[in-house]
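Colleague: Test case, fold it:
(chains A and B)
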Amino acid sequence: MNLISDCEKNFLLEAASQKIRLDGRQKDEYRKLNIEFGLDWGNCLVTLGTTRVFAQVSCEIYQPNQSRPNEGVLQISAELAGDNKLTDLTKINQILERFYKGSKCVDLEALCIIAEEKVWKIKVDLSVLNMDGNTLGCCSIATLAALMHFRYPDVVSTGEKVIVYSSSERDPIPLSLHHHPVITSFAIFEKYDFIILDPSFLEDKVCDNKLSICFNNHRELCGVDIEGCACLSQELLMKCSNQAATIAVVLVDKIKSAIQIDIKKRSSKSIQGLEPSISEECGIKLSLSDKFNFVGPLTQENANEKIEEIMEVDQSIVKVTTNTAITKCHNNLNQVNTTKKEQDDKLIIIDPESTESSSNDGTDSDVQLISHYSLDDRRTIIGNYIVSDGDDSDDSDNSDVVILD
Amino acid sequence: MNEEFLKCRLGFIGNSDGSAYVSQCKTTVAVSVVGPFEPKSSKCLYDRGTVDVTFRRKTGSITVHDKMLEGIMQSTCEEALIVEQYPRTSIAVTVQEMQDRGNLLATCLNASCLALMDSGISMHHLFAAISCAITDSEEIILNPDELQINSSVAYFTLVFSSSESRQLLTSHTTGKFSHSIYLQCMDKCFAATREVFSFYENMIKKQLIYC
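Modeller: The predicted structure follows:
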């Protein structure tokens, strides 16, 4: 997965020399961005093209660092959800921590409960579900969206005691963000002077140089990361920065509008949460019906009941053919489902209500008694009534009857 | 009963051999299957493949209870897979929780079965899990919601195989209940799993048509 064949590489470079991208995008075109929010606060799934990152923000009360006693703690960690040990996300982790902590976008001082004792620790956990290029950009969008969406519980400190209110008691508070930084990634093919935005997986692997610029919504630079060996001119860097600034504004607007839609949905209680989107091509859903067809063995309850009554078989004898399975629920014998019956046994159903008790002791030779009904037994059962064939010998059918002990 | 019980998309996670994104009512998980691949020599068994299930909470850290769920999933998956066919290899199943509103174990198990089906690894049988709760009045609620679970006296998760005869693979229970109730639950859950299996079938059919 992480290795690229020479053919692919050459083909892509060839295309780059003609300033064409494999997926037909313009060089400054972003893939389709989709942000979904879950039922919990600070839970989102960001899809950029096919790159998918799932983020969850959580908080806990924590002891502050000695050096910064009145500041909360922000921690960002990204992990790969697919068990592919080949890819290393430490680089992405470092960049995210540097850009988001370094730019001081989260008001950490507001997260202090008691100085030097208790502060909120905000943890952002990113799970990279699918890596298809621009993982860093997608992670940064997910981080920002999750942080903007997150609400932490209200806390009141009364000198000695700290009371944390649950969401039902008091509305949780959103994090206060000074600004909204977002990372824009470029891939640079130096030889062909071809700079592309939002590289795909292949482009990401083949390019000479990767440039990640972090801008906030006020068009302020929050960080730059250059990976690779090409030397970049000042001119090029400025050009990219300007482009990144414009894109950052657009991205932040998109996140904001997505959050607004989500909050509107929440107030109207029509929120769905995360779930697979079902379309013609992919995905399927199942609705569970209320009634099931019970096929198979009876419950033990019936088996435990003692046999008190012996009944005579009269007209209510039903001949069961091969394609009928019998079941019993709520002490009623129902014919519920037609399944293939392996044995060609002839079975008798007795209607328990319509028959009269008989004086005959019903242990006939025709009657097969089963003391234990195993779970994997597929034979149909009659019930806890002993079938007797009456005084006179049975003439109609040479029936084998299965009886539950 | 819920209007939409199961929703699924296969092939959701790209860098894996098989994956499923499943939501069962309001609980959502994503499962990826990687393998069979060559493991570290210490994990290598000469006559069979090893199955590794990793359960990931959305907040990163997992508890002892989560470890137990992991163990249940691992034994169920291992039973279903024909591990003898893949000696000296390892199969890694990663279960990522995305949203939990009750019945997490059942959802994880159903999702792992779908992901294993998607990966094309040989299996003895498929499996489907159904949860049910028992109320004070001994009423059985299939696939209960969070509230119903919390107010129940007992809570079961039963896993059945797809074979013609009734084979109970895994049973995880909490609370106090009578023997007869347990058997009644088994009847109900078994009937419900038949629907889940037909869902699996439709899922694969659809996957084959459109891919």
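Colleague: C-alpha from now on. contacts and neighbour counts both.
Modeller: OK.
Colleague: for chain B, what are the low-confidence residue spans?
Modeller: Scanning chain B for pLDDT under 70 picks out B:1-4, B:211.
Colleague: Strands of the stretch 1-150 of chain A, start to end?
Modeller: With strands called from DSSP state E, counting those that start in this stretch, the stretch 1-150 of chain A shows them at A:33-37, A:43-48, A:51-62, A:73-80, A:112-114, A:118-130.
Colleague: Give me whichever of these is most buried.
Modeller: Scoring the strands of the stretch 1-150 of chain A by mean neighbour count under mean count of other Cα atoms under 10 Å in any protein chain shown gives strand A:43-48 as the most buried, with a mean of 26.
Colleague: From the contact counts, what lies against it?
Modeller: Under the contact criterion of 3 or more Cα pairs under 8 Å, 6 or more residues apart in numbering or on different chains; DSSP states H and E, strand A:43-48 touches strand A:33-37, strand A:51-62, helix A:135-149.
Colleague: picking up where we left off before, list just the one of the strands of the stretch 1-150 of chain A that sits closest to residue A:99.
Modeller: The minimum distance between residue A:99 and those falls on strand A:73-80, with 10.6 Å, by Cα to Cα.
Colleague: Now residue A:155. Nearest residue, chain neighbours left out?
Modeller: residue A:164 (4.6 Å; Cα to Cα, 6 or more residues apart in numbering or on different chains).
Colleague: Just give me the neighbour total for the one you found.
Modeller: 15 (other Cα atoms under 10 Å in any protein chain shown).
Colleague: Verify the stated contact: it with residue A:158.
Modeller: No. Residue A:164 is beyond contact range of residue A:158, at 11.2 Å (criterion: Cα atoms under 8 Å).
Colleague: which residues does whatever residue of the stretch 1-150 of chain A ends up closest to chain B bridge with?
Modeller: Chain B sits closest to residue A:130 of the stretch 1-150 of chain A, with a gap of 5.1 Å, by Cα to the nearest Cα. For residue A:130, the beta-bridge partners under DSSP bridges are residue A:52.
Colleague: what's the neighbour count on the closest residue to residue A:41 other than its chain neighbours?
Modeller: Excluding its sequence neighbours, the residue lying closest to residue A:41 (Cα to Cα, 6+ apart) is residue A:150, at 4.9 Å. When neighbours are counted by other Cα under 10 Å, residue A:150 registers 22.
Colleague: Same question for residue B:116.
Modeller: Using other Cα under 10 Å, residue B:116 has 27 neighbouring residues.
Colleague: residues touching it, list them.
Modeller: For residue B:116, the contacting residues are B:18-19, B:33, by Cα atoms under 8 Å, 6 or more residues apart in numbering or on different chains.
Colleague: Could you check how far it is from residue B:69?
Modeller: Distance from residue B:116 to residue B:69, counting by Cα to Cα, to the nearest Å: 18 Å.
Colleague: before we move on, back to that, surely the residue of the stretch 1-150 of chain A closest to chain B meets residue B:15?
Modeller: Yes. Assessed by Cα under 8 Å, residue A:130 is found in contact with residue B:15 at 6.1 Å.
Colleague: residues of the longest helix along chain B that come out buried?
Modeller: The residue-count maximum for a helix in chain B (DSSP state H) belongs to helix B:179-210. Residues B:181-197, B:199-200, B:203-204, B:206-207 are the ones in helix B:179-210 that count as buried (16 or more other Cα atoms under 10 Å in any protein chain shown).
Colleague: okay, the helices and strands packed on strand A:43-48 in JSON lines with mean pLDDT next?
Modeller: Output for these, formatted as JSON lines (pLDDT from 0 to 100):
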{"stretch": "strand A:33-37", "mean pLDDT": "91"}
{"stretch": "strand A:51-62", "mean pLDDT": "91"}
{"stretch": "helix A:135-149", "mean pLDDT": "93"}
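Colleague: Is it correct that residue A:270 falls within a strand?
Modeller: No. Per DSSP: H, G, I helix; E, B strand; the rest coil, residue A:270 lies outside any strand segment and is coil.
Colleague: since we're on it, how many residues are nearby?
Modeller: By other Cα under 10 Å, 10 other residues sit near residue A:270.
Colleague: what does residue A:244 give?
Modeller: Considering only other Cα under 10 Å, residue A:244 is surrounded by 25 other residues.
Colleague: Could you look up the SS state of it?
Modeller: Once three-state DSSP is applied, residue A:244 turns out helix.
Colleague: what's the closest non-adjacent residue to it?
Modeller: Leaving aside its sequence neighbours, residue A:244 sits nearest to residue A:184 (Cα to Cα, 6+ apart; 5.8 Å).
Colleague: isn't the one you found right next to residue A:246, touching?
Modeller: No. If you go by Cα under 8 Å, residue A:184 and residue A:246 don't touch, sitting 10.0 Å apart.
Colleague: between the two, who's got more neighbours?
Modeller: Per other Cα under 10 Å, whichever of residue A:184 and residue A:246 has more neighbours is residue A:184, with 28 against 15.
Colleague: Give me the contact list for the one helix or strand that one maps to.
Modeller: Take DSSP states H and E as the rule and residue A:184 turns out to sit in strand A:182-189. Residues from elsewhere that reach strand A:182-189 (Cα under 8 Å, 6+ apart): A:16, A:134, A:136-137, A:140-141, A:144, A:194-199, A:203-204, A:207-216, A:244, A:247-248, A:251-252.
Colleague: Can I get the helix or strand following that strand in CSV, CA atoms only?
Modeller: Downstream of strand A:182-189, the first helix or strand assigned by DSSP H and E is strand A:194-197. Extracted C-alpha coordinates of strand A:194-197, given in CSV (Å, rounded to 0.1, in the frame of the first residue of the first chain):
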residue,chain,number,x,y,z
PHE,A,194,3.9,22.5,-10.8
ILE,A,195,2.3,23.2,-7.5
ILE,A,196,-0.8,21.4,-6.5
LEU,A,197,-3.2,21.8,-3.7
